[in-house]
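Trainee: Need coordinates for the below:
(2 chains)
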Amino acid sequence: MSNLPRTPGITRRGLMKSAGAIGAAGLILPASYRKAMAEPKRGGTFRIGFGHGNTTDSLNPALWDQAFVQVLGNTMHNYLTVIGPDGQLEPELAESWEASADAATWTFKLREGVTFHDGKDVVADDVIASLNHHRGEDSASAAAPIVEAITDIRADGDHVVVITLEAGDADFPFILSDYHLPILPAEDGRIDFNRGIGCGGYILESFEPGVDAHFTRNPDYWKSDRAWFDRVELYAILDSAARQNALITGEVDVIDRPDLNTIHMLERAGVNIISVSGTQHYTFAMDSRADPFSNNHVRLALKYGVNRQQMVDTILSGFGVVGNDHPIGRSNRFHADDLEEREFDPDRARHHLREAGLDSLTVDLSAADAAFAGAVDAAVLFSESAAQAGITINPVREPSDGYWSNVWMVKPFSAVYWGGRPTEDWMFSTAFAAGAPWNDGFWEHERFEELLRAARSELDEDLRAEMYFEMQQIVRDEGAIVIPMFSDYVMATADNVMTPDQIGANTTLDGVRATERWWFA
Amino acid sequence: MAHVWRMIAQRLALGLLTLFVVSIIIFGATELLPGDFAQAVLGQAATPEAVANIRRELGLDQPVYMRYFDWLFGVLQGDFGTSLAQRGRPVTDMILSRLGNTFFLAIYAAAMAVPLALTLGVLVALWRNSLFDRIANSTALSAISFPEFFVAYILIFVLAQSGYFPSMARMPAGADLGEKLYRAFLPALTLTLVVTAHMMRMTRAAIINLLASPYIEMARLKGMRQSRVIVHHALPNAIAPIANVVAINLAYLITGVVVVEVVFVYPGLGQLMVDSVSRRDIPVVQAIALIFAAAYVLLNLTADVISTLSNPRLLYRK
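Mentor: Prediction:
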């Protein structure tokens, strides 16, 4: 990961390429680079405009989905652990942790002297109630699958929590940084999220779902070098033109998801564009149980039939990197850098088609902009490039409304969005493990499962790296997902917004921690 | 006068029936949409277990008619239920502040548009076929022909990016009336431009229609000035069609401004309605649909009452 100052004569795209060439995770801070070196200071009202936010949003962490509520959660709450800007796990409410030899029992030592906004101490019972909110048979939590492996949580005194898993998991502390799992005060073993009490850097003042949320700084916050603003205001501005206007006219200080088609106009208007290449990727999932996708040669033909660079250039306007048909981003710890990049190759696509015993192939590809911005256009591009290999792809425009319940994992070939996960195991277990609820390729692979289990409980980093490399290769060559592109997290900020040198690549807005880590000049 | 009161009572009773029918149609229509609240709110993160648990928790696993009657009995007792999304938060509480915003913007826009449209309508009728008539007509027609969001973006480009008015019409808590009027000026102006043409053209047409009547000819023959003929003799008889078109436009200002709300980030009912439909939050959808239907019923009733009062033949009929 590196920072590159913007110098005259270097275009944005050229800059992206050079960043890629030196193997950087592609963090680009144009104009603010030099100023960003300044010391952080307190003060100001920090206003963010989001391309998300819905009147059905709530304070219930079990139902959090998009960036607005993720930032809301990370502004008012703390978590046991947090992913640092460099992708490494950092302690937060958990001061330290250790695993048993089989990585199945984890002991977390809680930080002492941390209080909730109502003055109550943060103790082990709060942690237990907060995690139990997502567990159990009748859990209605979107995070239920990721805490499923927990078989028991118990307190050992007020400041030690012991968590037992059904099997070893070397990355378990990473799971606890998930945005669904903030620590809330417990009352009789349950949390009452509607009170709006947390122990984070800012105190919730008001929250109008789908409109805005207001916070004031928590004067008793235990971190002295974080949460620099006096006030934080989050606004839902769904229309991208309205969002950009709000930034240009000074109504907000930062926006996420600027419209990539018009971003050059923003650059002219004197705002900074921040682009971070992370784990977010756009895919086309094939149902490997259904013909013709059950034949790996057909899947390979489709993988060779997509022009990846063209997709990055047109769909992402250059704000992204090509994918290699596996879900591990370049910023991940165990990314297989040596794995050969798959290129657009109509001849090889034809070859695999012949191997599959087919002269030509006709498939329907379902897409809607709910899958990702530009998904329908991407499907058309895919169809154009695949045509050169004798493959006919019919792009089918599906309704955005209800896409995730009626199209994704229902239609045999569909466009999908993945935010990605901070660890390899998490990503693979979520979307590639046999029988996982979001295994959208309905894919099973014996050797892959073996490696997944072995790597999960392996504490030796080198051995794990080797296993994850092999898994990336298996998914690339035999998996059921075409992964043509990794999309950058793009944000635009006003001149006076200062950011640290390194910005988190695990999700948007500095790992959704901008309110805590950024400051005003 | 008695029959006017009787008419109002009859129309209100019919209005209640309309609301009842609307509630059935809306409920049925949302049932026809694919997916339900549990699937919509979990989105990509939905697992069968979580969906089933949410459905059980909220009673969405009950049959359609059971859910409808539950809702209906609640409403008959004045309880609009709680939002599916904001559990424990009454629908009325969710809607009230939005309703206030929607009414504020509608009244603001109407206060600019109605006098403007009526004045222009009378003036263009007065100077019919003059240059002024043509310019006013073509300007108003162009404003109504552009899509709302286009008008809105033009206004933002001209008036907001130059710093005269805010591009976001958000209302800070505790803002006084002056600031509210200032912040909501651009959306109100957009709506004014959109609705003025319709009312102006109707006023013009209604007056010009009357100008062919014998009694107007009589007035002219007596040597009355054209302006006096129009304002004193033609206008009072044109009130009925004008009241109707004004009512329709006011109803539109309350119910149909979601695009303007989105562009100016104005938290009104339209955005809430769209969100709630997309998330299948039925109690909220139902409540807003009833408010919208009630707005149409009441405004149409008001227009009819005004027509009746303005027409002695209807007011004093045997």
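
Trainee: I'd say A:Thr362 and A:Thr392 touch.
Mentor: Yes: between A:Thr362 and A:Thr392 there is a contact under C-beta atoms under 8 Å: 4.2 Å. Bear in mind the C-beta positions are built from the backbone N, C-alpha and C, glycine included.

Trainee: could you pull out the helices for the stretch 151-300 of chain B?
Mentor: Ranges of helices in the stretch 151-300 of chain B, per DSSP state H, counting those that start in this stretch, are B:177-183, B:185-211, B:214-221, B:226-228, B:235-255, B:258-263, B:269-278, B:282-310.

Trainee: so where is chain A shaky, pLDDT-wise?
Mentor: A:1-38 (pLDDT under 70).

Trainee: If we use 80, what do you get?
Mentor: Low-confidence segments of chain A (pLDDT under 80): A:1-38, A:55-56, A:137-140, A:267-270, A:400-402, A:405, A:420, A:437.

Trainee: Could you list every helix and strand in contact with the helix or strand A:Ile483 falls within?
Mentor: Per DSSP states H and E, A:Ile483 falls inside strand A:481-487. For strand A:481-487, the elements it packs on are strand A:281-286, helix A:296-304, helix A:308-314, strand A:320-322, helix A:375-387, judged by 3 or more C-beta pairs under 8 Å, 6 or more residues apart in numbering or on different chains; DSSP states H and E.

Trainee: Extract the C-alpha set from the next helix or strand after that strand and format it as CSV.
Mentor: Later in the chain than strand A:481-487, the nearest helix or strand by DSSP H and E is strand A:489-493. The C-alpha trace of strand A:489-493 is given here as CSV (Å, rounded to 0.1, in the frame of the first residue of the first chain):
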residue,chain,number,x,y,z
TYR,A,489,-14.2,2.5,-2.9
VAL,A,490,-14.5,6.0,-4.2
MET,A,491,-15.3,9.0,-2.1
ALA,A,492,-15.1,12.8,-2.7
THR,A,493,-14.2,15.2,0.1
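
Trainee: does strand A:489-493 come close to chain B?
Mentor: No: using C-beta under 8 Å from any C-beta of the partner chain, strand A:489-493 stays clear of chain B, coming no nearer than 15.0 Å.

Trainee: Tell me the strands beside whichever helix or strand comes after that strand, with direction?
Mentor: Toward the C-terminus, strand A:489-493 is succeeded by strand A:497-498 as the next helix or strand (DSSP H and E). Here strand A:497-498 has these sheet partners by DSSP bridges: strand A:519-520 (antiparallel).

Trainee: contact partners of the strand it pairs with?
Mentor: A:Pro40, A:Lys41, A:Arg42, A:Gly43, A:Gly44, A:Phe46, A:Trp228, A:Phe229, A:Asp253, A:Asn496, A:Val497, A:Met498 (C-beta atoms under 8 Å, 6 or more residues apart in numbering or on different chains).

Trainee: can we see that at 7 Å?
Mentor: With contacts defined as C-beta atoms under 7 Å, 6 or more residues apart in numbering or on different chains, strand A:519-520 is touched by A:Pro40, A:Lys41, A:Gly43, A:Gly44, A:Trp228, A:Asn496, A:Val497, A:Met498.

Trainee: And for stretch B:193-201?
Mentor: Contact partners of stretch B:193-201, identified using C-beta under 7 Å, 6+ apart, comprise B:113-114, B:116-117, B:120-121, B:140-141, B:143-144, B:148, B:151, B:245-246, B:249, B:252-253.
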